[in-house]
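Peer 1: Pasting the sequence and the predicted model now:
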Amino acid sequence: MTPDEDFGILLEAAVVYDMCVDALSREDDSTGEEVFLGTIRDVKQFLYPRLLFIITGKGPKKEKYEQKTRELRLRRVAFRTMWLSAEDYLLLLGSADLGVYLHTSSSGLDLPMKACNDMT
């Protein structure tokens, strides 16, 4: 997590998703992390999916955003951070439903080289 990555936009989207699903569904769930993970293990079905964001890296903003995600206390969205080897990173990308790159290219106009490298 480096200064050229805007995690604020991801956190805002997570808050909006959590609030919208809450307003639409009124599903019986909890704010507890153990319940979030427990429902995944128990394969409890919900109308709207629970989201798990795995944020990779170890930049200078990591602790700041870990604290922010804990303070949000979202009910349907969880965040995890980790540093992975190149091999494990590729396995994670291959098993993900969606990948989000928050890194801004040097020009700010094109796809960051990191994303291009991951696609090859």
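Peer 2: It's in.
Peer 1: which residues are contacting the strand or helix carrying Phe53?
Peer 2: Using DSSP states H and E, Phe53 maps to strand 51-56. Contacts with strand 51-56, where a contact means C-beta atoms under 8 Å, 6 or more residues apart in numbering, come from 1, 7, 10, 14, 17, 40, 65, 76-84, 89, 92, 96, 100. Just so you know, the C-beta spots here come from the backbone N, C-alpha and C atoms, and that holds for glycine as well.
Peer 1: That one pairs with which strands, parallel or anti?
Peer 2: strand 77-82 (parallel) (DSSP bridges).
Peer 1: The partner strand: what's the following helix or strand?
Peer 2: Downstream of strand 77-82, the first helix or strand assigned by DSSP H and E is helix 86-95.
Peer 1: circling back: for the strand holding Phe53, output the C-alpha coordinates as CSV.
Peer 2: Provided in CSV are the C-alpha atoms of strand 51-56 (Å, rounded to 0.1, in the frame of the first residue of the first chain):
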residue,chain,number,x,y,z
LEU,A,51,-17.5,-9.6,0.1
LEU,A,52,-13.9,-10.4,1.1
PHE,A,53,-11.1,-8.1,-0.1
ILE,A,54,-7.6,-9.5,0.1
ILE,A,55,-5.2,-6.6,-0.1
THR,A,56,-1.6,-7.6,-0.9
